[in-house]
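Sequence and predicted model, in that order:
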Protein chains: 2
Amino acid sequence: MKSLEFEQAIRSWMDIFMHRSMRSWHLFAKSTGLSMPQFSILMQLHHRGDCGIGDIGESFDITNAAASQLVDKLVQSGLIQREEDPNDRRAKRLSLTDKGRKLIRQGMEERHRWVDRLAAELTAQERDTVIEALRILTERAKQEN
Amino acid sequence: MKSLEFEQAIRSWMDIFMHRSMRSWHLFAKSTGLSMPQFSILMQLHHRGDCGIGDIGESFDITNAAASQLVDKLVQSGLIQREEDPNDRRAKRLSLTDKGRKLIRQGMEERHRWVDRLAAELTAQERDTVIEALRILTERAKQEN
DNA sequence: GCATAAAGTTAAGCCTGCTTAACTAAAAAG
DNA sequence: CTTTTTAGTTAAGCAGGCTTAACTTTATGC
């Protein structure tokens, strides 16, 4: 029964990792002048790719009205693009602009920084173990959804 | 130069992991009726242990006035306790109540769930690799701060 | 084709977080 | 002992997110 040991290991890591990431994320969003909901929508588009207003609403468990209003602010900031879906003219296709992508990249850099510092402190062997493990996890996580 | 490979591996994992965790965290906070700032303060107390109003403000980059107001709501909800610091009677010592700890535990369970599903899909050998790697990372992360 | 459903938008109103400013009380400095 | 600094609270007011409700426009079902 290695299962329990695994859960312990991954939960410890999740805890410490989440806490730092959240903080870093929050402060970065604040520094850009964006609210968390706005920034979250940007990240959603980055991960899920183009989608419609309804998808945003569903994803954050808010009404389409709210999603529409949030999206509108991002459009006006020039961070995302909103165009008519040619297949269904009621729907909109949302996508990141170059400006939006650039901002996300900056945010990720900042959040990656402390992890990069971690890397510097590992031995070559430790690093190999970590690389292998994260590949396994990432692979499985992608398969899951 | 394995460094680049390492950063690649950890960033891929961070991306996918952060995205799911954030979403899960956000929805859980919402389901409890707490706002994100309120929930974040709870998590802060969970991680950093007891602290004062000023620490909260500093940590989230808000004024002490704002921190005081947020804390007050959590006190009234019975999730945290606010008592005078015996060493400095101006200061307050904030700590989680049993109710607060219980709520955090529930939230973590939910956020751990999908990772536990991942565990089930790994081979014994993969699991060993992952356990080892996460221990390395967690250890180093704790040392860092 | 006509009724109904679906995707978004807009506006009104509420709630919350946050800031500034004015305040209390305790500690530190001189 | 008086002055200044520090920790926190309170109130007023603004900004933002979110909801409901009414609406427009396009697609779908019979």
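Ah, there it is. Not measured: the values here are computed from a predicted model.

Is stretch A:121-136 in proximity to chain B?
Yes - residues of stretch A:121-136 contacting chain B under CB under 8 Å from any CB of the partner chain: A:121-122, A:124, A:126-136. From N, CA and C alone the C-beta is placed, and that goes for glycine too.

nearest spatial neighbour of the closest residue to DNA strand C within chain A, skipping sequence neighbours?
Ranking the residues of chain A by distance to DNA strand C (CB to the nearest atom of the strand) places residue A:52 first, at 2.6 Å. Excluding its sequence neighbours, the residue lying closest to residue A:52 (CB to CB, 6 or more residues apart in numbering or on different chains) is residue A:91, at 4.9 Å.

need the contact list for the residue of chain A closest to DNA strand C.
Residue A:52 is in contact with A:85, A:91-94, counting by CB atoms under 8 Å, 6 or more residues apart in numbering or on different chains.

Select from the residues you listed every entry located in strands.
Cross-referencing those against strands under DSSP state E gives A:92-94.

Contact partners for the spatially most central residue of chain A?
Nearest to the geometric centre of chain A sits residue A:43, at 4.3 Å (CA atoms, centre = their mean). If you count contacts by CB under 8 Å, 6+ apart, residue A:43 has them with A:104, B:19, B:22.

Check whether the one helix or strand it maps to comes into contact with DNA strand D.
In this assignment (DSSP states H and E), residue A:43 forms part of helix A:36-48. Yes - using CB under 7 Å from any atom of the strand, helix A:36-48 comes into contact with DNA strand D via A:37-38.

Then stretch A:68-82?
Yes - Stretch A:68-82 reaches DNA strand D (CB under 7 Å from any atom of the strand) through A:69-70, A:73.

hey, which helix is longest across chain A?
Identified as the longest helix of chain A according to DSSP state H is helix A:3-32.

How about that one and chain B, touching?
Yes - Helix A:3-32 reaches chain B (CB under 8 Å from any CB) through A:3, A:5-7, A:9-23, A:25-27, A:30.

What residues does chain A have near DNA strand D?
With CB under 7 Å from any atom of the strand as the criterion, chain A comes near DNA strand D at residues A:35, A:37-38, A:60-63, A:65-66, A:69-70, A:73, A:87-90.

Pretty sure residue A:81 sits in a strand.
Yes - counting by DSSP: H, G, I helix; E, B strand; the rest coil, one finds residue A:81 located in a strand.

Correct me if wrong: the residue nearest to residue A:52 contacts residue A:82.
No - if you go by CB atoms under 8 Å, residue A:91 and residue A:82 don't touch, sitting 10.6 Å apart.

which phi and psi does residue A:66 have?
phi -60, psi -40 (degrees, to the nearest 10).

for it, what are its contacts?
Per CB under 8 Å, 6+ apart, neighbours of residue A:66: residue A:57.

just residue A:3 next, same as before
Contacts of residue A:3 (CB under 8 Å, 6+ apart): B:119-120, B:127.

Where does pLDDT dip in chain A?
A:1-2, A:145 (pLDDT under 70).
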